[in-house]
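Trainee: Pasting a predicted model and its sequence here:
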Amino acid sequence: MLIDVAVYTLARLLLAALLTAVIFFLAHLVGIAEFPLVVALLFAIVVALPLGIWLFAPLRRKATASIAAFDERRRTDRDQLRARLRGDESAPE
């Protein structure tokens, strides 16, 4: 699960960094010599949010499925522990 979530997060961060660089250098090419990097970063974040959802949909679905599987295992383990603590012989396996 952690790997899937880390890959998705890293992809989103790299997209924002790439867009920041593109916006920053495009501003310099257009002739804006004093374009602040923070402004480029803010524009990149605004553009990267919807673009990342669209571009990285397979990664997002994989990460979501991993989280759901982890939660289901944790829920099953918790139910088994509660059943054993109650002394149920027919604890769900």
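Mentor: Great, that's in hand.
Trainee: Does Ala33 fall in a helix, a strand, or a coil region?
Mentor: Following DSSP: H, G, I helix; E, B strand; the rest coil, the label given to Ala33 is coil.
Trainee: what does Asp88 give?
Mentor: On the basis of three-state DSSP, Asp88 is classed as coil.
Trainee: how near is it to Asp77?
Mentor: Distance of Asp88 to Asp77, computed by C-beta to C-beta, to the nearest Å: 15 Å. C-beta coordinates here come from the backbone N, C-alpha and C atoms, glycine included.
Trainee: Please apply the same query to Ile23.
Mentor: Distance of Ile23 to Asp77, computed by C-beta to C-beta: 47 Å.
Trainee: Counting neighbours, go ahead and name the busier of the two.
Mentor: For Ile23 versus Asp77, the count of surrounding residues by other C-beta atoms under 10 Å is larger for Ile23: 18 against 10.
Trainee: Nearest residue to the more buried one in space, ignoring adjacent ones along the chain?
Mentor: Nearest residue to Ile23, sequence neighbours excluded (C-beta to C-beta, 6 or more residues apart in numbering): Ala40, at 4.3 Å.
Trainee: Which of the helices or strands spans the one you found?
Mentor: Under the criterion of DSSP states H and E, Ala40 resides in helix 37-55.
Trainee: Against which helices or strands is that helix packed?
Mentor: Applying 3 or more C-beta pairs under 8 Å, 6 or more residues apart in numbering; DSSP states H and E, one finds that helix 37-55 makes contact with helix 2-30.
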